[in-house]
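K.L.:
Task: produce atomic coordinates for the following.
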Amino acid sequence: MSFFNHFTVDHQGSITEILLANTDYFDVVHYTEFHEELMNFVEQEKPQNLLVRFDDVQYCSTAIISALLKARHRQLSEGRKIKICGMNDAVRSGFKMLKLDGSVFDICEDEASAIAGF
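P.N.:
This is a model prediction of the structure:
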């Protein structure tokens with residue numbers, strides 16, 4: 001398992017899992033660091049199957065969503081996959097309101113169903 005400032009990384013066979021840190025206390029600097037850290041990870045590691053886990057996230061700002069959209073673009077442009085899982089109802093509701101659930105992001109209820117979907 002690898003540790004970054006804003007997420008941890010674990011490998012499950014061909015699937016690379018990113019567990020996001022609790023974003024409750026993020027400020028502008030943290031969001032910028034998260035974006036840079038995530039993009040550097042995606043560009044350098046080039047995970048074939050990326051699973052982003054929201055298990056510890058209670059609130060998701062547009063800055064987090066923006067970083068995820070850019071990571072998604074990078075993944076898909078290079079023929080790689082990305083899925084999201086572990087969202088609480090409030091966070092998932094925000095993704096649904098923005099029409100990102102299903103149309104942009106493949107969001108699964110839990111880790112097991114996301115892994116099975118790769």
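
K.L.:
Going along the chain, name the helices of this structure.
P.N.:
Listed from the start of the chain, the chain has helices (DSSP state H) covering 28-45, 62-77, 89-97, 111-117.

K.L.:
how many other residues sit next to residue 43?
P.N.:
Around residue 43 there are 11 other residues, counting by other Cβ atoms under 10 Å. All C-beta atoms are positioned from the backbone trio N, CA, C, and that covers glycine.

K.L.:
same question but for residue 31, I mixed them up
P.N.:
Other residues lying near residue 31 total 18 when counted by other Cβ under 10 Å.

K.L.:
do the same with residue 78
P.N.:
Neighbours around residue 78, by other Cβ under 10 Å: 11.

K.L.:
Provide the partner residues of the residue nearest to the spatial centre of the chain in its beta bridges.
P.N.:
Centroid-nearest residue in the chain, with Cα atoms, centre = their mean: residue 52, separated by 3.3 Å. With DSSP bridges applied, the residues forming beta bridges to residue 52 are residue 18, residue 84.
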